[in-house]
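Trainee: need coordinates for the following:
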Amino acid sequence: MSSRIIPYLQFMPKRYSFNSMYTFEYDLNKSQINLDKHDIDFEEAKLLWNDPDLIEIPANTSDESRFVIIAFHNGKHWSAVITYRDINIRIISVRRSRKNEVKFYESF
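Mentor: Numbering: from 1, shown residues only. Below is the predicted model:
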């Protein structure tokens, strides 16, 4: 893998089909802030899991285990930072994917 890929992309990504047993949780205030800043709220972000080519990779964090989801939705690539709480997926933030993330997503 190219060293130009951001460090947390050095891991082997995980592709999977969405398991309907998962439920989502998120902070409503953060969802609104995310909508104002990135034009997507967390309710719409749940649709990222409909992408059959979704990639999940570990995020480079030191506190709790977090993951970056890269998916394609409504003609755009999106990156979401999430964590798992029991069987729940907690959405922390969502933004448009960076160029290197799009390149990584499209390489699989």
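
Trainee: please count neighbours and contacts with C-alpha atoms only from this point.
Mentor: Fine.

Trainee: so, low pLDDT: which residues of the chain?
Mentor: Where the chain drops to pLDDT under 70, the residues are 1-21.

Trainee: which stretches of it form helices?
Mentor: Counting by DSSP state H, the segments of the chain that form helices are 28-38, 42-45, 99-106.

Trainee: other SSEs contacting the second one?
Mentor: Helix 42-45 makes packing contacts with helix 28-38, strand 88-96 when contacts are defined by 3 or more Cα pairs under 8 Å, 6 or more residues apart in numbering; DSSP states H and E.

Trainee: of all the ones you listed, which lies closest to L47?
Mentor: Distances from L47 to each of the helices and strands packed on helix 42-45 were compared using Cα to Cα; the shortest belongs to strand 88-96, at 11.8 Å.

Trainee: Y84: neighbouring residues, count only.
Mentor: Using other Cα atoms under 10 Å, the number of residues around Y84 comes to 16.

Trainee: got TSV for the helices and strands packed on helix 42-45, with mean neighbour count too?
Mentor: As requested, the helices and strands packed on helix 42-45 are exported to TSV (neighbours: other Cα atoms under 10 Å):
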stretch	mean neighbour count
helix 28-38	15
strand 88-96	19
